[in-house]
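Trainee: Quick one, structure for this:
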Amino acid sequence: MNRKGNIAGLAILFIIAALAGYAGWRMRAGNADSCQLCARPLHARSKVTGLLEGKRKTFCCPACALTAHRQLREKVRILQLTDYATDTPLDPAAAFIVKGSNVNHCVHGHAPLDRDHQPSAMDFDRCSPSLIAFRNERDAMEFIHNHGGRLERFSDLAASYQN
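Mentor: Predicted structure coming up:
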């Protein structure tokens, strides 16, 4: 009976150690469905792939990826954007960006409330103003017509965030 108890105890310890190891690995690896910087959900039409601290990371939007430099003092090298119009990979060197439209997949809900339960102003949100990438200028201009914002080349915008 003692031997069976020892085996059962060892099996339980092994299971606990395996679960703890898996939980630690998941926390370190991050959730594949969320931004690896801000932990907000990834959006198919705005996700970004880049290099941060020498590691490949997936970000929820171009704004989140570019503000990493200001917050972490680490430059982010953008490897791939997503074309909003077609949900396909987009080379950053060829991208147009609409900045500041009324579309921002990352910001939801209401403003935080102050202690008097009144909406308080937010001074900073890493995903604002929205930055939405397009492969061609025509699609970007149509988007601006419907949602506002202004057109910029991604390369010019990225350079301004790295300063």
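
Trainee: any chance you could read off phi and psi for Ile15?
Mentor: Backbone torsions of Ile15, given as degrees, to the nearest 10, read phi -60, psi -40.

Trainee: distance of it from Ala133?
Mentor: Per CB to CB, to the nearest Å, Ile15 is found 46 Å from Ala133. Quick note: C-beta positions are derived from backbone N, CA and C, even for glycine.

Trainee: quick one: which of the two has more around it?
Mentor: Between Ile15 and Ala133, Ala133 has the larger neighbour count (other CB atoms under 10 Å), namely 26 against 10.

Trainee: Spit out the contact partners of the closest residue in space to Ala95 that isn't next to it in sequence.
Mentor: Nearest residue to Ala95, sequence neighbours excluded (CB to CB, 6 or more residues apart in numbering): Phe154, at 3.8 Å. Applying CB atoms under 8 Å, 6 or more residues apart in numbering, we find Phe154 in contact with 62, 78, 81, 92-93, 95-97, 133.

Trainee: Show the average pLDDT along stretch 57-70.
Mentor: For stretch 57-70, mean pLDDT is 87.

Trainee: mind checking how far that stretch is from the chain centre?
Mentor: Once both centres are worked out by CA atoms, centre = their mean, to the nearest Å, stretch 57-70 turns out to sit 6 Å from its chain's centre.

Trainee: just stretch 37-56 next, same as before
Mentor: The chain centre lies 4 Å from the centre of stretch 37-56; the measure is CA atoms, centre = their mean.

Trainee: Repeat that for stretch 142-151.
Mentor: Centre-to-centre, stretch 142-151 and its host chain are 22 Å apart (CA atoms, centre = their mean).

Trainee: Restrict it to CA atoms and write it as PDB.
Mentor: Taking C-alpha atoms only, stretch 142-151 is exported to PDB below (Å, rounded to 0.1, in the frame of the first residue of the first chain):
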ATOM      1  CA  GLU A 142     -11.600  56.700 -50.000                       C
ATOM      2  CA  PHE A 143     -11.200  55.700 -46.400                       C
ATOM      3  CA  ILE A 144     -10.400  59.400 -45.500                       C
ATOM      4  CA  HIS A 145     -13.500  60.500 -47.300                       C
ATOM      5  CA  ASN A 146     -15.600  58.100 -45.100                       C
ATOM      6  CA  HIS A 147     -13.800  58.300 -41.800                       C
ATOM      7  CA  GLY A 148     -11.600  61.400 -41.800                       C
ATOM      8  CA  GLY A 149      -7.900  61.500 -41.000                       C
ATOM      9  CA  ARG A 150      -4.900  62.600 -43.100                       C
ATOM     10  CA  LEU A 151      -2.700  60.700 -45.500                       C
END
